[in-house]
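Asks: okay, here's the prediction I keep looking at, along with the sequence it came from:
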Amino acid sequence: MKKSGLVNLESGKAASGASEAKAAPARAAGSVASLSSRRAGAAAPTVIGVLASLGPGGEVCVDLPSEARQAVPARTAVPLSPAHVGRDVVVVMPVRGRAGSARNAQAVEPVILGVLLAPAEVIAPAAPHAPPPVASVDGERVEIRGEKEVVLSCGKASIVLSQDGKIAIRGARLLSAASGLHRIRGGAVQIN
């Protein structure tokens with residue numbers, strides 16, 4: 001006889017035969033339900049609440065409609081802003097004490113795990129093109145660094161400094177002037 005491949009979760013034995021194959025899913029569902037109920041004592045329930053307020057010192061209050069409680073002081077695991085007030089939040093209701101012991105259990109402040117996204121927020125908009133970094137000036141020296149090259153450009157004029165030491169100056173007209181000595185030095189100097 002061919003075995004069905006199902007396992008009876010209560011006994012841990014493999015199920016066999018047509019009647020066992022039909023009965024196993026029902027027993028498995030009951031077993032999973034009882035397993036879930038056993039774990040429920042250890043796990044803190046999670047509910048959907050509404051962010052009621054944010055105080056100036058970071059105080060957070062949440063409305064818990066499923067618990068029929070309003071303006072309940074809470075803690076948060078995520079940064080919140082005034083724009084989040086009135087939005088749905090995911091809240092875990094922790095219980096302090098031994099798991100499964102109702103008389104030793106003591107409710108503590110709910111903890112906000114996150115703000116639920118509106119349908120329009122689910123698909124993130126394309127990130128705007130970030131502006132290039134700006135050089136900082138300390139009053140005595142300006143330093144601009146680049147890994148491969150630094151380009152200074154305006155219209156048809158540009159100066160390119162490359163990693164290999166090459167400097168290219170390009171423009172429609174180029175003026176090189178000095179009030180003192182103007183020295184051009186190189187391994188070879190080529191004009192025209």
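Replies: The structure has been received and is ready for your questions. Model, not experiment: these values are computed from the prediction. Numbers count the residues shown, from 1 in each chain.

Asks: only C-alpha atoms from now on, for both contacts and neighbour counts.
Replies: Will do.

Asks: how many residues are close by residue 112?
Replies: 27 (other Cα atoms under 10 Å).

Asks: could you list the low-pLDDT ranges of the chain?
Replies: Scanning the chain for pLDDT under 70 picks out the ranges 1-43, 96-107, 125-127, 129-136, 139.

Asks: let's see it at 90
Replies: Within the chain, the ranges that satisfy pLDDT under 90 run 1-45, 55-58, 66-68, 83, 93-109, 117-148, 174-178, 182-192.

Asks: in it, which spans are helices?
Replies: Using DSSP state H, the helices of the chain run over residues 18-40, 119-122.

Asks: give the contact list for the closest residue to residue 51 other than its chain neighbours.
Replies: Counting by Cα to Cα, 6 or more residues apart in numbering, the nearest residue to residue 51 once its immediate chain neighbours are dropped is residue 62, at 4.6 Å. Contacts for residue 62 were tallied using Cα atoms under 8 Å, 6 or more residues apart in numbering; they are 49-53, 70-74.

Asks: same question, residue 70
Replies: 52, 62-64.

Asks: the residue nearest to residue 51 and residue 114, how far apart?
Replies: Applying Cα to Cα, to the nearest Å, the value for residue 62 to residue 114 is 12 Å.

Asks: domains of this protein?
Replies: Listed domain ranges for the chain are 3-40, 46-118 (source: automatic domain parsing).

Asks: what's the first-to-last distance across the last one?
Replies: To tie it back to what came earlier, the one meant is domain 46-118. Taking Cα to Cα as the measure, domain 46-118 stretches 19 Å from start to finish.

Asks: so which of the contacts of residue 70 are in strands?
Replies: Restricting the contacts of residue 70 to those inside strands, with DSSP state E as the criterion, leaves 52, 62-64.

Asks: among those residues, who's most crowded?
Replies: Each of these was scored by neighbour count (other Cα under 10 Å); the top score is that of residue 62, with 27 neighbours.

Asks: look up how far residue 76 lies from that one.
Replies: 10 Å.

Asks: count of residues packed around residue 53?
Replies: Neighbours of residue 53 under the rule other Cα under 10 Å: 20.

Asks: same deal with residue 89?
Replies: Residue 89 has 23 nearby residues by other Cα under 10 Å.

Asks: just residue 110 next, same as before
Replies: Neighbour number of residue 110 under other Cα under 10 Å is 22.

Asks: and for residue 61?
Replies: Residue neighbour count, defined by other Cα under 10 Å, stands at 23 for residue 61.

Asks: just residue 150 next, same as before
Replies: The local packing count at residue 150 equals 15, with neighbours defined by other Cα under 10 Å.

Asks: quick one: residues contacting the nearest residue to it once chain neighbours are set aside.
Replies: What sits nearest to residue 150 in space, not counting adjacent residues and going by Cα to Cα, 6+ apart, is residue 161, at 5.1 Å. If you count contacts by Cα under 8 Å, 6+ apart, residue 161 has them with 149-151, 167-168.
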